[in-house]
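Fold the following for me, if possible:
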Amino acid sequence: MAQAPILSWDGLGLQQGGGWLFGGPGTDGLDLHVGPRDRLALIGRNGAGKTTLLKLVAGTLEADRGKRVMQPGTNIVLLQQEHDFTPYRSLMDFALHGDAAPARHEVETIAGQLGIDMERDAQSASGGERRRAAIARALALDPDLLLLDEPTNHLDLAAIKWLEDWLGRFRGAFIAISHDRTFLTRLTRATLWLDRKVLRRKEVGFGGYEAWEEQVQTEDTRATQKLDARLKLEAHWLERGVTGRRKRNQGRLEKLYEMRAARAAMISTQGTARLAITSDDVKTKAVITAEGVSKYFGEGEARRTIIRNFDLRIQRGDRIGIVGANGTGKTTLLKMLTGELAPDEGKVTLANSLSCVLIDQQRSLLSDEKRLRDVLAEGGDWIDVRGVRKHVQGYLKEFLFDPGLADARVGTLSGGEQSRLLLAREFARSSNLLVLDEPTNDLDLETLDLLQEVIADYDGTVLLVSHDRDFLDRTVTMTLGLDGSGMVDIVAGGYADWEAKRIRRAGSPTQSAAAATPASHAKAPVSAIASTRTKLSYKDQRDYDLLPRQVEMLEDAIARDEASLADPDLYTRDPQGFEVLTAALDAKRAQKEAAEERWLELAEQVEALG
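Predicted structure coming up:
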């Protein structure tokens, strides 16, 4: 028999910004029932009201409609995204504040397991230290219902795994908002989906969410197609923007695995990328080369080795993930690879043509009073996106905004929407090197899919620091793993490949520390290593020489078609022309994908024959 809920909301309605966020007049409002052992993922786009819903559940925000019922004695604890540490001297002062403060020894026990000094000055503590302190306080309060709003933000991998283990043993209920797919997949048993003022529940953990979403979207699309032409256009954008994007990303994953396999062939048994490449094609030229790089902090006996004898050749098109616990040297390595910090030994050489864009999500740089078009297009109607002129409304649509928000104020956006706006602005800039430092914080899952797609299509090199394991597995071609000893593991593949290598090494101490075959995803190279041929056939050589130019021409044609489709009035003015142009664009994208696949196959053969 099912247990009675410990908390229920019936007919929940809330006004916000002059309108109804949930449950306006003529609607039934939201219904939510939480059982005593529920493990719930709360999913929804940025701005849908997920954080607001948690506050309503916690009772820190009053609703305008509905009935909230809670079992007597139920202890609800909310772990917010951000906490105000200004009034507190130390992290412990923060943890022990309030009328319902936890016991000091409970806080100390959890803090010790998390590796955080609670006597640390609260004002100078890092984001990761503050996050650990907030977690220690929340867990020490012994909740019956724990509300987690992006709990993994600012945490390193070790802290994330500790939290996963704790929640796995937790005897109460929790609701979690998180962009970390791995975290949600491992822990949740049911999913709440907040979409367009409707809250749906499915008794399946996050691992089954995407299939459920696909089913609901398909049903919604069928229903919407019975409406007028304008609604058909919106359904068309929804299908291409969400369902279509996920299908395209599956194709990109297949390509990513092949790229990883090709990269694995370039990594020697010593675990360093070979510095000698035979081809002079622009796609294989090095953009960053590190040779014998070492970096130390401190002097004398206190000197600590951060990076030791590190070699790497980064090529155009590489997507490099940098992982490791906080304090292992990720930022130091990133700064050396971009030329911001000089090594103590060895040298780092950067191509003269490098043009870098750093995306660090500094939302504080955005003014609340600015309009979205001010941020993107300096108040105009058009924005230059890496050399292609696009209408600002069409460009907003590409980043999952309603085009009608072009004149909305930044201050009306949620934190995640502001992060998405910054991504849109930065990705528009011309560059051939993208540096992303924890780009996934505060982003919803659809925006993560979009970010994955944009990075996959980026015609340049990417350096990415992240603790998001799933995002790394879906995005990078090579992982640089730091363990704090000064050595850097170089692994073809994503986080799972690096983790598998560490497990193999721990289980077999005599195994080479740099066996760099991808562990979980990469397919075997299509190279002709065993072949007796000494050169390409005439047709293959011709394709190898001409395909890069064909790809460039297709990219130019695709950019022109995308600029035409960015006209917000095109469908209304010429619906038949819109459909013809859309079909032509899809065909050109397919031709480009096929040409790139063919060139990669030939490049692997050239590598093997060389």
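
OK, contacts around Thr412?
Gly17 (Cβ atoms under 8 Å, 6 or more residues apart in numbering). The way it works is simple: take the backbone N, C-alpha and C, and place the C-beta from them, glycine included.

That one and Gly19, how far apart?
Separation of Thr412 from Gly19 (Cβ to Cβ, to the nearest Å): 11 Å.

helices and strands of the chain: which one bottoms out on pLDDT?
Least confident helix or strand, the chain: helix 229-238 with a mean of 41, by mean pLDDT, DSSP states H and E.

For this structure, which helix extends over the most residues?
Criterion DSSP state H: the longest helix present in the chain is helix 575-609.

helices or strands up against that one?
Helices and strands touching helix 575-609, by 3 or more Cβ pairs under 8 Å, 6 or more residues apart in numbering; DSSP states H and E, are helix 244-264, helix 538-565, helix 570-573.

make it 7 Å
helix 244-264, helix 538-565 (3 or more Cβ pairs under 7 Å, 6 or more residues apart in numbering; DSSP states H and E).

For my notes, please list those in TSV and give distance to Gly44 for each entry.
Output for the helices and strands packed on helix 575-609, formatted as TSV (distance: least, Cβ to Cβ, whole Å):
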stretch	distance to Gly44
helix 244-264	17
helix 538-565	28
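
ranking those helices by mean pLDDT, which is last?
For the helices and strands packed on helix 575-609, the weakest mean pLDDT is recorded on helix 244-264, namely a mean of 66.

buried ones in the helix or strand that that helix is followed by?
Next helix or strand after helix 244-264 toward the C-terminus (DSSP states H and E): strand 286-297. Under the neighbour-count criterion of 16 or more other Cβ atoms under 10 Å, strand 286-297 has 286-291, 293-295 buried.

Can you tell me what sits against stretch 331-346?
When contacts are defined by Cβ atoms under 7 Å, 6 or more residues apart in numbering, stretch 331-346 is touched by residues 288, 290-296, 306-307, 322, 348, 350, 356, 435, 463, 465, 480, 482, 488.

chain center to stretch 323-332, what's the gap?
18 Å (Cα atoms, centre = their mean, to the nearest Å).

Kindly report the same for stretch 133-153.
Centroid separation for stretch 133-153 versus its chain: 23 Å, with Cα atoms, centre = their mean.

Now do the buried residues in it.
Per 16+ other Cβ under 10 Å, stretch 133-153 contains these buried residues: 133-141, 143-153.

Can you measure across that stretch, start residue to end residue?
In stretch 133-153, first residue to last residue: 13 Å (Cα to Cα, to the nearest Å).

Next: stretch 114-121.
Its start and end residues considered, stretch 114-121 measures 17 Å (Cα to Cα).

Would you mind listing the buried residues in it?
Of all the residues in stretch 114-121, those buried under the rule 16+ other Cβ under 10 Å are 114, 116, 118, 120.

Then stretch 63-77?
63, 65-66, 70, 74, 76-77.

of the residues you listed, closest to Val580?
Arg65 (47.9 Å; Cβ to Cβ).

Show the pLDDT at the spatially most central residue of the chain.
With distances taken as Cα atoms, centre = their mean, Thr440 lies nearest the centre of the chain, 3.8 Å away. pLDDT, Thr440: 82.

what does Glu446 give?
Predicted confidence (pLDDT) for Glu446: 79.

how distant is the longest helix of the chain from the center of its chain?
Distance, centroid of helix 575-609 to centroid of chain: 26 Å (Cα atoms, centre = their mean).

could you give the mean pLDDT of it?
Here the average pLDDT along helix 575-609 is 76.

for that helix, which positions count as buried?
In helix 575-609, counting by 16+ other Cβ under 10 Å, buried: 578, 581-582, 585, 588-589, 592-593, 595-608.

hey, where'd the helices end up in the stretch 351-500 of the chain?
All helices of the stretch 351-500 of the chain, identified by DSSP state H, counting those that start in this stretch, fall at 372-377, 392-398, 415-428, 445-457, 469-475, 495-507.

about what we covered before: looking at the buried residues of stretch 63-77, which two lie furthest apart in space?
Arg65 and Val77 (25.5 Å).

Columns distance to Ile383 on top of the helices of the stretch 351-500 of the chain, output as TSV?
Conversion of these to TSV gives the following (distance: least, Cβ to Cβ, whole Å):
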stretch	distance to Ile383
helix 372-377	4
helix 392-398	5
helix 415-428	6
helix 445-457	15
helix 469-475	25
helix 495-507	34
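
Deepest in the core, which of those helices is it.
Highest mean neighbour count of the helices of the stretch 351-500 of the chain: helix 469-475, a mean of 24 (counted as mean count of other Cβ atoms under 10 Å).

CA atoms only for that helix - export them in PDB, please.
Extracted in PDB, the C-alpha atoms of helix 469-475 (Å, rounded to 0.1, in the frame of the first residue of the first chain):
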ATOM      1  CA  ARG A 469      30.600  14.200 -16.300                       C
ATOM      2  CA  ASP A 470      27.800  13.700 -18.800                       C
ATOM      3  CA  PHE A 471      28.500  16.900 -20.600                       C
ATOM      4  CA  LEU A 472      32.200  16.000 -21.000                       C
ATOM      5  CA  ASP A 473      31.300  12.600 -22.300                       C
ATOM      6  CA  ARG A 474      29.100  14.100 -24.900                       C
ATOM      7  CA  THR A 475      31.400  16.900 -26.000                       C
END
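
list the helices and strands that helix packs on?
By 3+ Cβ pairs under 7 Å, 6+ apart, helix 469-475 packs against helix 181-187, strand 319-324, helix 445-457, helix 495-507.

and the shortest one, average pLDDT?
The one in question is strand 319-324. 94.

which neighbours does that strand have in its sheet, and in what orientation?
Strand 319-324 has the following strand partners under DSSP bridges: strand 461-465 (parallel), strand 478-482 (parallel).

can I get those in a markdown table with distance to Ser564?
Conversion of the strands paired with strand 319-324 to a markdown table gives the following (distance: least, Cβ to Cβ, whole Å):
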| stretch | distance to Ser564 |
| --- | --- |
| strand 461-465 | 28 |
| strand 478-482 | 37 |
